[in-house]
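Enquirer: Give me a 3D structure for the following:
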Amino acid sequence: MKTLLTLLFFLNTICFTALAQKRNKSKNDNFIIVTGKVLTPEDSSQVKDLFLTALREKTSIHYELAEDYFKRVLTLDPSNDATMFEMAQLALNNKQLDVAQEYAEQAVTVNPNNTWYWLLNANIYQQQKNYPLLVYALNELLKLNPDKPEYKFDKANALFLINKPAEALAIYTELEKNNGINDELVAAKQRVYLKTGEIDKAAKDLENLIAKQPDHIKYYLLLAQLYYGNDFHDKAIQRLLKAAQIDALNYEVNLALANIYLSDKNENLAYAQIELAFAQKEMPIDQKVAFVISYFNQFPDTLAINRATKLAKMVTKTNPDDPKSFSLYGDVLYQANNLPQAEKIYEKALELNPNVYAIWDQLIRIKMGINNYVGAIMASMQAAELFPNQADLFYYLGVAYSQTKQPEKAITNLKQALELYVGDNDTFKSQIYSSLGDVYQELKNYKESATAYEQSLKLQPKNAYTLNNYAYYLSLRNQSLDLAEKMALQANELEPGNPSFEDTYAWVLFKQKKYADAKLWMDKAMKNLDTNNGIQFEHLGDILYNLGNTKDALLNWQKAVDYGEKNPTLKRKIDEKKYFD
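Expert: Numbers count the residues shown, from 1 in each chain. Below you'll find the model as predicted:
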């Protein structure tokens, strides 16, 4: 005949109160009941086989199957604490904290003298931020392992978190007396003093530690942080300068001083300390990157640019084998609009590590920005070998081939970009179609050009680049001039002050024989030009001639020649002093 075995686990006052609050149930939840049974030899053998099978499945990362076998064990043997422990671990790994807690508490109910079970309970309580129960579990661990200082330290931390700083401090003090001081213990005691507002005690504690270990820089840093946080800046600076005398190469001391100087609005002293920190290889490169990037918000301020540039260059000296250092330096040069130098630095970064797509992308953009289209083609092709599914690379190739008068290759790559692109960025797709429209126009395939432009505007009706180019090419062909005028005007409304767009609108108006209006817009374009452009001088000459001002028309046609515009019609205009379409 089978008999029942009932195990009761009564919690102490703190624990049972916490459980009642957490579960919010009746008083019966103040203790845990585990019901077991006496197993037959056959049951015992099956339990053993099932348990070992479950462990094998767990080891093979078949967690669901393992859980199924463990549950079958508990069906046969409801008080199998080892299985409860395993089930708790599986639930914990799945972030099922309540389920994990239930199994872990059952396991320790059956076997309250198992350290591993209490450790698991403590881990669960900590993740739940249930600090009263964590204190209870740590007390039980200390009963089993009274000489474990780490359990005492964790208990003190938990007491601090449930607003019992005096009890926590007593344990920290005992640990210091019995085991000596360490950085964790110092920081913990400081937290207590700060919480209780005992700044003098916190400072005295650190001063005593410095007196005992005058070469331990960490104590100077903690003391300076304490003084700084409580507005004793002079005392903080004094302690840090003393630390710098002891260890002149400690970047943390430099950064702490820089932080105080910055808060006191003494930027020159702060920057000098930052430079000292950057000279140390021990300063983490990610921290250096964050410092340099913080200057970007101040660009184009000359001082900010100079300081960021110098610091970034220093990073390449202290970390010459880290591609991140050259990428950072390239970013600074790019932000400062020093594109030729940025190009060289990005290339160096890629020599160290060619597998960073963002650097390739930036490099290609720079090459195109400085009209190095042959270089852009080469870089895009190299990058495409490493990143064959990046649509952007084929877009860059398409544009670069178009600029180097290779329209067929341009079309092939632009179409490839469309095929590869799988996102929902209509702006990017619109730009690809717009570029296709430009290339088809160059090939005089006007039907395909119009189709591409219209598809671009369908995706992005306010694509100013497309509106401008479509309007300009329609005007060159004297087609749909009313539509061209509407699009050219819209482009200027979207991007006012763009001399290229203003020139287009002026030219469309000229084609409509609205010469006075054309002159107004052409004057705007000439005023906004950054560099003189031959084609715009020719357009201005055409407008002036049709307004009856032949003298100024000839002057502007000649300027067009002087600025590099060469075409037979322009030469004929000058020779015959007459406008030709």
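Enquirer: what's the burial count for Lys177?
Expert: Lys177 has 9 neighbours, counted by other C-beta atoms under 10 Å. From N, CA and C alone the C-beta is placed, and that goes for glycine too.
Enquirer: State the mean pLDDT of the strand or helix carrying it.
Expert: With elements taken from DSSP states H and E, the one containing Lys177 is helix 165-179. Taken as a whole, helix 165-179 carries a mean pLDDT of 93.
Enquirer: Show me what that helix is packed up against.
Expert: Judged by 3 or more C-beta pairs under 8 Å, 6 or more residues apart in numbering; DSSP states H and E, the packing partners of helix 165-179 are helix 149-161, helix 183-195.
Enquirer: and the longest helix for this protein?
Expert: Assignment by DSSP state H gives helix 41-59 as the longest helix of the chain.
Enquirer: which residues does the closest residue to Asn250 other than its chain neighbours contact?
Expert: The shortest distance from Asn250 to any non-neighbouring residue, by C-beta to C-beta, 6 or more residues apart in numbering, is to Ile217 (5.4 Å). Neighbour list for Ile217: Ala243, Ile246, Asp247, Asn250, Glu252, Val253 [criterion: C-beta atoms under 8 Å, 6 or more residues apart in numbering].
Enquirer: Mind doing that once more with 7 Å?
Expert: Ala243, Ile246, Asp247, Asn250, Val253 (C-beta atoms under 7 Å, 6 or more residues apart in numbering).
Enquirer: What's the local residue count around Gln213?
Expert: 12.
Enquirer: Apart from its neighbours in sequence, what residue is nearest it?
Expert: Tyr219 is the one closest to Gln213 (C-beta to C-beta, 6+ apart), at 6.7 Å.
Enquirer: For the stretch 401-550 of the chain, which segments count as helices?
Expert: Ranges of helices within the stretch 401-550 of the chain are 407-420, 426-442, 446-459, 464-476, 481-494, 499-511, 515-528, 534-546, 550-562, based on DSSP state H, counting those that start in this stretch.
Enquirer: Return the set of buried residues in stretch 490-504.
Expert: Under the neighbour-count criterion of 16 or more other C-beta atoms under 10 Å, stretch 490-504 has Gln490, Ala491, Asn492, Asn498, Pro499, Ser500, Phe501, Glu502, Asp503, Thr504 buried.
Enquirer: returning to what we had before: hey, C-alpha coordinates of the helix or strand harbouring the residue nearest to Gln213 in PDB?
Expert: Element membership of Tyr219 [criterion: DSSP H and E] is helix 217-229. This file holds the C-alpha atoms of helix 217-229, laid out as PDB (Å, rounded to 0.1, in the frame of the first residue of the first chain):
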ATOM      1  CA  ILE A 217      44.900  56.100  -7.200                       C
ATOM      2  CA  LYS A 218      41.300  54.700  -7.000                       C
ATOM      3  CA  TYR A 219      40.900  56.200  -3.500                       C
ATOM      4  CA  TYR A 220      41.900  59.600  -4.700                       C
ATOM      5  CA  LEU A 221      39.400  59.300  -7.500                       C
ATOM      6  CA  LEU A 222      36.600  58.300  -5.100                       C
ATOM      7  CA  LEU A 223      37.400  61.100  -2.800                       C
ATOM      8  CA  ALA A 224      37.500  63.700  -5.600                       C
ATOM      9  CA  GLN A 225      34.200  62.400  -6.900                       C
ATOM     10  CA  LEU A 226      32.700  62.800  -3.400                       C
ATOM     11  CA  TYR A 227      34.000  66.300  -3.000                       C
ATOM     12  CA  TYR A 228      32.900  67.300  -6.600                       C
ATOM     13  CA  GLY A 229      29.400  65.800  -6.100                       C
END
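Enquirer: buried ones in that helix?
Expert: The neighbour-count check on helix 217-229 (16+ other C-beta under 10 Å) flags Ile217, Lys218, Tyr219, Tyr220, Leu221, Leu222, Leu223, Ala224, Gln225, Leu226, Tyr227, Tyr228 as buried.
Enquirer: what about the helix or strand that that helix is followed by, average pLDDT?
Expert: Proceeding N to C from helix 217-229, the next assigned helix or strand is helix 233-246, under DSSP H and E. On average, the pLDDT along helix 233-246 is 95.
Enquirer: what helices or strands is helix 233-246 leaning on?
Expert: In terms of contacts (3 or more C-beta pairs under 7 Å, 6 or more residues apart in numbering; DSSP states H and E), helix 233-246 is packed against helix 217-229, helix 251-263.
Enquirer: Check which residues of the last one are buried.
Expert: By 16+ other C-beta under 10 Å, the buried positions in helix 251-263 come out as Tyr251, Glu252, Val253, Asn254, Leu255, Ala256, Leu257, Ala258, Asn259, Ile260, Tyr261.
Enquirer: how about the third one, what does it touch?
Expert: Val253 makes contact with Ile217, Leu221, Leu240, Ala243, Ala244, Asp247 under the criterion C-beta under 7 Å, 6+ apart.
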